[in-house]
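only geometry, no sequence info:
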């Protein structure tokens with residue numbers, strides 16, 4: 001567990017545990033709020049059901065327990081405000097780990113929380129995931145300049161674009177794929 005103070009607010013960064021897998025309503029609230037946020041550029045657009053969220057949490061817990069995934073949660077005043085996740089690809093791509101990050105609300109964005117979450121995730125993931133990843137991969141909406149700047153500072157480089165991969169706010173956006181060697 002790590003505490004960081006950003007913009008005069010204290011955040012706790014910690015790894016996902018078995019206790020977290022027993023609280024699907026907390027994660028449903030988080031993802032539902034993100035989906036409703038017009039500024040949050042996430043791939044999901046449909047809110048999951050309670051059953052779908054329970055299955056997802058079971059899968060996360062299983063992958064974390066088997067050292068194939070690390071998830072870092074950001075909390076402020078007991079509320080979940082950010083999630084960063086690193087998960088191994090399967091089979092012949094098990095040297096590649098996929099990264100995803102989401103931060104709730106404009107008040108928590110642009111203050112360094114994404115950077116703190118990503119650094120914590122990369123450190124925990126490289127130390128805890130087995131087999132150890134050789135390549136880190138992530139993708140981002142082409143218009144998400146804030147995220148692309150963060151990833152660039154962390155050593156990720158654009159390697160590909162998939163035209164029109166995402167529909168966001170009525171228009172198609174390219175998916176930008178970035179990689180970083182470990």
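Noted; the coordinates are in hand. Given the structure is predicted, the values throughout are model-derived calculations rather than measurements.

all helices in the chain, in order from the N-terminus.
24-36, 50-65, 113-128, 145-153 (DSSP state H).

Show me the one of those that comes nearest residue 1.
helix 113-128 (10.0 Å; Cβ to Cβ). (Glycine included, C-beta is placed from N, CA and C.)

That closest one: which residues count as buried?
113-114, 116-118, 120-122, 124-125 (16 or more other Cβ atoms under 10 Å).

Make JSON lines from the residues you listed and add pLDDT and distance to residue 101 to it.
Formatted as JSON lines, the buried residues of helix 113-128 follow (pLDDT from 0 to 100; distance: Cβ to Cβ, whole Å):
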{"residue": "113", "pLDDT": "97", "distance to residue 101": "10"}
{"residue": "114", "pLDDT": "97", "distance to residue 101": "6"}
{"residue": "116", "pLDDT": "98", "distance to residue 101": "11"}
{"residue": "117", "pLDDT": "97", "distance to residue 101": "6"}
{"residue": "118", "pLDDT": "97", "distance to residue 101": "6"}
{"residue": "120", "pLDDT": "98", "distance to residue 101": "11"}
{"residue": "121", "pLDDT": "98", "distance to residue 101": "7"}
{"residue": "122", "pLDDT": "98", "distance to residue 101": "11"}
{"residue": "124", "pLDDT": "97", "distance to residue 101": "13"}
{"residue": "125", "pLDDT": "97", "distance to residue 101": "12"}
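
starting at the chain centroid, how far to stretch 39-48?
Between the centre of stretch 39-48 and the centre of its chain there are 12 Å (Cα atoms, centre = their mean, to the nearest Å).

Give the buried residues for it.
Those buried within stretch 39-48 under the rule 16+ other Cβ under 10 Å are 40-42, 48.

Show the contacting residues for residue 87.
63, 68-69, 97-98 (Cβ atoms under 8 Å, 6 or more residues apart in numbering).
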